[in-house]
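Chemist: model the structure of this input:
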Amino acid sequence: MPTLKLSGALAALALLGACATATPYQAAIDGNSGYSEVKIEDNRFQVEFSGNSLTDRKTVETYLLYRAAELTRLNGYDHFRVVRRETDSNSRLVPVGGAYSPYYSHFHLNYAYFGPYARYYHDPFLRSRHARFGPLDPYWGGPSEYRERTKYVASAEILMGKGKKPDDAAYFDAEQVTYNLGMNIVRPQPN
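Modeler: Numbering: from 1, shown residues only. Model prediction:
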């Protein structure tokens with residue numbers, strides 16, 4: 001039984017450690033962070049990369065461009081054109097210093113404090129605390145500071161082609177993109 005508790009604690013610690021890093025360049029599994037693509041035509045794809053709250057916008061857009069070049073080469077094409085490209089952000093406020101739900105999902109009314117025969121009326125410490133800090137309220141004492149967490153999702157529709165790249169800024173040489181951006185790509189660490 002103790003080994004089961006220890007293995008559960010280690011699994012939870014490993015999961016927590018995995019969440020404490022930026023999203024690496026990896027396929028998105030079950031809609032989580034990473035890259036994904038949808039084939040529209042033989043030479044046209046919708047490519048997307050979504051990062052977690054620790055992945056900055058520049059990294060998300062770099063990984064998207066790298067995936068577009070990688071996908072172009074995997075399908076036997078030489079260059080690609082970005083037809084449409086956009087980056088969305090999803091921001092939310094989170095409390096500083098731990099997880100706190102503003103809805104207080106574990107409400108428990110303790111009649112020892114709030115009932116008609118409560119300790120509050122008989123304990124001088126609790127009465128002095130009430131005078132200094134306010135009543136003993138289950139909703140009182142939430143976080144006083146929040147910070148903003150932002151997740152970015154970059155998406156692009158690409159059109160692939162063969163031969164020499166046209167002289168237009170919307171076209172990218174797939175081999176050059178993978179070579180130049182390859183050293184900036186962080187891949188997941190094996191377990």
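Chemist: now do the strands in the protein.
Modeler: Secondary structure of the chain (DSSP state E): strands located at 34-41, 44-50, 79-95, 146-161, 171-173.
Chemist: any buried residues in the second one, and which?
Modeler: Using 16 or more other CB atoms under 10 Å as the burial criterion, the residues of strand 44-50 that qualify are 45, 47-50. (C-beta placed from N, C-alpha, C; glycine too.)
Chemist: give the other helices and strands that it contacts.
Modeler: strand 34-41, helix 57-74, strand 146-161 (3 or more CB pairs under 8 Å, 6 or more residues apart in numbering; DSSP states H and E).
Chemist: contacting residues around that strand?
Modeler: With CB atoms under 8 Å, 6 or more residues apart in numbering as the test, strand 44-50 has contacts from 23, 28, 32-40, 60-61, 63-64, 67-68, 71, 83, 151-160.
Chemist: redo that, cut-off 7 Å
Modeler: Applying CB atoms under 7 Å, 6 or more residues apart in numbering, the contact partners of strand 44-50 are 28, 33-40, 60, 63-64, 67-68, 71, 153-159.
Chemist: before we move on, the earlier item: Asn75: which of the buried residues of strand 44-50 is nearest?
Modeler: Phe45 (8.2 Å; CB to CB).
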